[in-house]
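> what shape does this take:
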Amino acid sequence: MAKRSFALVLLALAVGCKAPPPMNATSSFAASPAMALRNPSDIAVLPVEDGTQNLAVARFGDYTRQSIQRALPARMYVPLSAELVDAGLLNNKPQAGETMLSPAYLKRVAGKFSEDATLAVRVNRWDESRLLVDKTVDFEVQAAMVASDGELLWSGSLVGTVKSGGLAAAPRDRDQMARSCVDIAMLEVLNHLPRRRPGAN
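Next up is the predicted model:
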């Protein structure tokens, strides 16, 4: 009986210490028929917009954009340089009441970078309150891709929880843990972006 009780205690501890999954999220991303027809290659990645109430991602906004740029080639896209995109954005900021995902704004900036398509990403929620407890961040990300004439190609959102380090151990430094969550979350967003078909045009 004592051995059985001890085994039950170990089982309970094992269940209680079970690590959270690397990603637990719900996606609403969908591509329009134009996505396959256009099959864009060169992508202008706009600066990532921080839509959180407390500007939670402001401290690594540039890093988030770079994370997206690093992940795009795996989906067979070519990201344009941030310097080129930023130069095209001079005097082209969202107006009052607009976000970087507003159709009117995307229509205005489309085609200003000699791109095939423009990718806009907005973070609406980034909650690190449990980062030091169980290495996770709760998040909500919206994204949209439009062609160079402003036609919508792909859009939607991803809402969920991401674990720093993924299946591996999380970094020990808090900022590094958060950046790991950024990388995994942005990679998951782009996993919902249709893979480009080279040579299909």
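
> show me the shaky parts of this protein.
The model of the chain has pLDDT under 70 over residues 1-20, 201.

> how near is Asp127 to Met76?
Distance, Asp127 to Met76, using Cβ to Cβ, to the nearest Å: 33 Å. Where C-beta positions appear, they are placed from N, C-alpha and C, glycine not excepted.

> now the helices for this protein?
According to DSSP state H, the chain carries its helices in the segments 2-16, 33-38, 61-71, 82-88, 103-109, 131-134, 174-191.

> quick one: closest of those to Val141.
Nearest to Val141 among these is helix 174-191; the distance by Cβ to Cβ comes to 5.6 Å.

> Glu161 and Arg172: what is the separation?
For the record, residue 161 is Thr, not Glu. 20 Å.

> among the two, which residue is more densely surrounded?
Using other Cβ atoms under 10 Å, the more surrounded residue of Thr161 and Arg172 is Thr161, with 19 against 7.

> from what I can see the more buried one touches Lys135, true?
No - look at Thr161 against Lys135 with Cβ atoms under 8 Å: they stay out of range, at 10.5 Å.

> if we can go back for a sec, what about the helices of the chain, which gets the closest to Ala200?
Nearest to Ala200, of all these, is helix 33-38, at 8.2 Å by Cβ to Cβ.

> what sits up against that closest one?
Asp116, Ala117, Met145, Ala147, Glu151, Leu152, Leu153, Trp154, Pro194, Arg197 (Cβ atoms under 8 Å, 6 or more residues apart in numbering).

> one more: stretch 45-64?
Against stretch 45-64 from outside (Cβ under 8 Å, 6+ apart): 65, 68-69, 72, 79-80, 82, 85-86, 89, 99-101, 109, 118-128, 142, 175, 178-179, 182, 186.
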